[in-house]
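>>> Predicted model and sequence follow; I will ask about them next.
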Amino acid sequence: MVRVKRGTISLKSRKSLLKKVKGYRWGRSTKERQAREAWLHAGNHAFAHRRKKKGDFRRLWNIRINAAVKPHNLSYSMFMGTLKKKGIVLNRKMLSEIARQRKESFDRIIESVTS
């Protein structure tokens, strides 16, 4: 009977896994079992947080818009409501960027909303 050595595939998958967890701390970067667990958890978090990031940005835009309209004696909800009633179609991302970078333009938008 011919001898069959079966280590190549196992070694390849082990090396591949350890390459993926390079830079992790402690045993997670060197021990196969801990590395696999850490890599699977990291994948789960990455998947979940790609979706969570969208909500985080929306919250950030809302906070920026609110901070920009406060000096004009408006609240965020009042501002957004009157924007819709006036038919001004600007999304929150654009409004927050305008409020952050171009204060004069944002003041004109507020003027058109309040008048």
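On my side now, so go ahead. Numbers count the residues shown, from 1 in each chain.
>>> Only C-alpha atoms from now on, for both contacts and neighbour counts.
Fine.
>>> Against Asn73, how distant is Phe79?
From Phe79 across to Asn73, the span is 10 Å (C-alpha to C-alpha, to the nearest Å).
>>> Looking only at neighbour counts, state which of those two leads.
Phe79 (19 against 7; other C-alpha atoms under 10 Å).
>>> Please identify the next secondary structure element, helix or strand, after whatever helix or strand the more buried one lives in.
Assigned by DSSP states H and E, Phe79 belongs to helix 76-86. Heading C-terminal from helix 76-86, the first helix or strand you meet, by DSSP H and E, is helix 92-101.
>>> Past that next one, which element shows up next along the chain?
That would be, after helix 92-101 and using DSSP H and E, helix 103-114.
>>> Quick check: phi and psi at the residue nearest the centre of the chain.
Centrality entry for the chain: nearest residue to the mean C-alpha point is Lys53, 2.5 Å, by C-alpha atoms, centre = their mean. With angles defined as degrees, to the nearest 10, Lys53 sits at phi -60, psi -30.
>>> cool, Thr30 as well?
Dihedral angles for Thr30 - degrees, to the nearest 10 - are phi -120, psi -30.
>>> Next up, the contacts around Val89.
Contacts were defined as C-alpha atoms under 8 Å, 6 or more residues apart in numbering; by that measure Val89 touches Leu83.
>>> Need phi/psi at it.
According to degrees, to the nearest 10, Val89 has phi -100, psi 90.
>>> And Phe57, by the same measure?
Residue torsions, per degrees, to the nearest 10, at Phe57 are phi -70, psi -40.
>>> Give me the distance between it and Thr30.
36 Å.
>>> Buried residues in the helix or strand harbouring Lys15, which are they?
Taking DSSP H and E as the criterion, Lys15 maps to helix 7-20. Buried positions in helix 7-20, judged by neighbour count with 16 or more other C-alpha atoms under 10 Å: Arg14, Leu17, Leu18.
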